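In: only geometry, no sequence info:
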């Protein structure tokens, strides 16, 4: 069973992702988790209305300020969604990516949740070597979407899509996807995207139907073997071509609310496409690449 007892929620203030806040509140209520909000004080903080130092900064209520921003944006549902939840704010100075990694370790966070764009996100995933290898044990990362629409307080998980590449993390990814689906009574689909079978020739690209059929058949056999080994029952989607694009199509076809992957966003077929998968996804992406051993969550 999933044991998400502490959620680390890095925020950019005043541009905090209200959509991710709603998603964090939903997960925290379901799993009875504590939410730890992390804000890294920067040179721009004073312009955003954040006290610079001393007792004013120590007494500054980050969550209350975020709620005020939400209400100014006509998002009146955030305050009641947070009522009754255990929340705590941590204010730090320094490098954003390192602060996220170190706080996740110190707090023993079970999940990091953050938007898929903005200063905090980009620096965490792309900027710091320390963020990539925090003592060999990374926390799973939930990222929101690039969609800029107003928050969706009614966010729910009815369908989960697990992206499987048959690498060493495949069982871990499958277990996380299955247990997220089980926790919310959601439909589960396991997907694999084979390599592109397009062949360039004068006049354009052509698909080799025999090669495509062989790759799809092999992927189907491997998926069946994975399900047998893990005891996970799920629908199966096998596609080929551009990984982010095909996974987006699979998410649309299965009406998925959450995509679970086992690839590092900055680094196999899925690894190379990790950041692009997040960028192209219209649903949240849960990356479990660093969540313990390769067999169980």
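Out: Sure, I can see it. As the structure is a prediction and not an experimental result, all values here were calculated from the model.
In: Find the nearest non-adjacent residue to residue 113, please.
Out: residue 142 (4.4 Å; C-beta to C-beta, 6 or more residues apart in numbering). Quick note: C-beta positions are derived from backbone N, CA and C, even for glycine.
In: For my notes, confirm that neighbour occurs in a strand.
Out: Yes - applying DSSP: H, G, I helix; E, B strand; the rest coil, one finds residue 142 inside a strand.
In: Identify the residues contacting it.
Out: 20, 23, 27, 111-114, 284-287 (C-beta atoms under 8 Å, 6 or more residues apart in numbering).
In: try residue 11
Out: When contacts are counted by C-beta under 8 Å, 6+ apart, residue 11 touches 17, 21, 37-39, 62, 66, 120.
In: can you check residue 280 too?
Out: Residue 280 is in contact with 244-245, 247-248, counting by C-beta under 8 Å, 6+ apart.
In: how does it look with 7 Å?
Out: 244-245, 248 (C-beta atoms under 7 Å, 6 or more residues apart in numbering).
In: Reformat those residues as TSV; add neighbour count and secondary structure.
Out: Formatted as TSV, the contacts of residue 280 follow (neighbours: other C-beta atoms under 10 Å; DSSP: H, G, I helix; E, B strand; the rest coil):
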residue	neighbour count	secondary structure
244	19	helix
245	15	helix
248	18	helix
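In: Show me what the top helix by length along the chain packs onto, helices and strands only.
Out: Ranked by residue count and defined by DSSP state H, the top helix of the chain is helix 209-230. With contacts taken as 3 or more C-beta pairs under 7 Å, 6 or more residues apart in numbering; DSSP states H and E, helix 209-230 sits against helix 170-183, strand 187-194, strand 235-240.
In: For residue 158, find the nearest of these.
Out: Evaluated over these, closeness to residue 158 peaks at strand 187-194, with 6.8 Å, by C-beta to C-beta.
In: Determine how far the closest one lies from the middle of the whole chain.
Out: Its chain's average C-alpha position is 17 Å from that of strand 187-194, according to C-alpha atoms, centre = their mean, to the nearest Å.
In: pLDDT on it, on average?
Out: For strand 187-194, mean pLDDT rounds to 96.
In: And the pLDDT at the residue nearest to residue 113?
Out: The model's pLDDT for residue 142 equals 91.
In: ok so, going back, I'd like to know which of the contacts of residue 280 is nearest to residue 155.
Out: When the contacts of residue 280 are compared against residue 155 (criterion: C-beta to C-beta), the nearest one is residue 248, at 18.5 Å.
In: Need the nearest residue in space to the closest one, chain neighbours excluded.
Out: Nearest one to residue 248, counting by C-beta to C-beta, 6+ apart, is residue 280 at 5.3 Å.
In: Quick check: the gap between that neighbour and residue 253.
Out: For residue 280, the distance to residue 253 equals 15 Å [C-beta to C-beta, to the nearest Å].
In: low-confidence ranges in the protein?
Out: Residue ranges of the chain with pLDDT under 70: 43-49, 53-54, 56-58, 117-138, 146-153, 197-208, 264-273, 290-297.
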